[in-house]
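**Student:** heads up, no residue letters with this:
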């Protein structure tokens with residue numbers, strides 16, 4: 001898994017690419033999000049449009065990151081979620097935990113009011 005980061009108006013957009021399946025790459029992402037949170041950058045968008053695979057370990061990393069950020073009165077929202085990932089969120093009943101948006105602009109507008 002690779003990711004690119006952009007920041008705009010105190011909102012951080014992380015575009016993920018590849019599989020989110022745990023391991024060193026996923027831990028690196030989680031540590032990066034924790035570092036952002038420690039810098040008070042806790043309004044985060046995860047763009048999943050290029051995610052090809054997510055397993056329970058990858059899902060655990062995202063949930064752990066979400067918990068960390070929400071404990072600091074921030075949020076992580078998901079955009080451009082592929083159908084197979086939406087299905088995973090539905091069967092694990094985590095669809096109600098995450099906020100999903102079709103576009104980064106919609107997600108930014110939501111996060112700006114936090």
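**Tutor:** Perfect, thanks for sending it. Please read all numbers here as calculations on a predicted model, not as lab measurements. Numbering: from 1, shown residues only.

**Student:** Go ahead and list the helix or strand containing the residue nearest to the spatial centre of the chain.
**Tutor:** Geometric centre of the chain, nearest residue: residue 46, 3.5 Å, by C-alpha atoms, centre = their mean. Per DSSP states H and E: residue 46 is located in strand 43-54.

**Student:** And for residue 76?
**Tutor:** Going by DSSP H and E, residue 76 is part of strand 75-79.

**Student:** Kindly report the same for residue 61.
**Tutor:** Here residue 61 is assigned to helix 56-70, by DSSP H and E.

**Student:** Backbone dihedrals for residue 3, please?
**Tutor:** Residue 3 adopts backbone torsions of phi -150, psi 150, taken as degrees, to the nearest 10.

**Student:** now swap in residue 107 and tell me
**Tutor:** Per-residue torsions, residue 107: phi -70, psi -40 (degrees, to the nearest 10).

**Student:** right, and it touches residue 113 too?
**Tutor:** No. Look at residue 107 against residue 113 with C-beta atoms under 8 Å: they stay out of range, at 11.6 Å. (Each C-beta comes from the backbone N, C-alpha and C, glycine too.)

**Student:** For residue 64, see how far away residue 48 is.
**Tutor:** Separation of residue 48 from residue 64 (C-beta to C-beta, to the nearest Å): 17 Å.

**Student:** Next: residue 47.
**Tutor:** Counting by C-beta to C-beta, the gap from residue 47 to residue 64 is 19 Å.

**Student:** Comparing the two, which residue is more hemmed in?
**Tutor:** residue 47 (22 against 14; other C-beta atoms under 10 Å).

**Student:** Which residue comes closest to that one once chain neighbours are left out?
**Tutor:** Leaving out its chain neighbours, the residue that sits closest to residue 47 by C-beta to C-beta, 6 or more residues apart in numbering is residue 15, at 4.2 Å.

**Student:** hmm, back to that, which residues outside the strand holding residue 46 are in contact with it?
**Tutor:** With C-beta atoms under 8 Å, 6 or more residues apart in numbering as the test, strand 43-54 has contacts from 1, 10-21, 33, 36, 62, 65, 69, 74-82, 85, 88, 104, 107-108, 111-112, 114.

**Student:** Cheers, nothing more for now.
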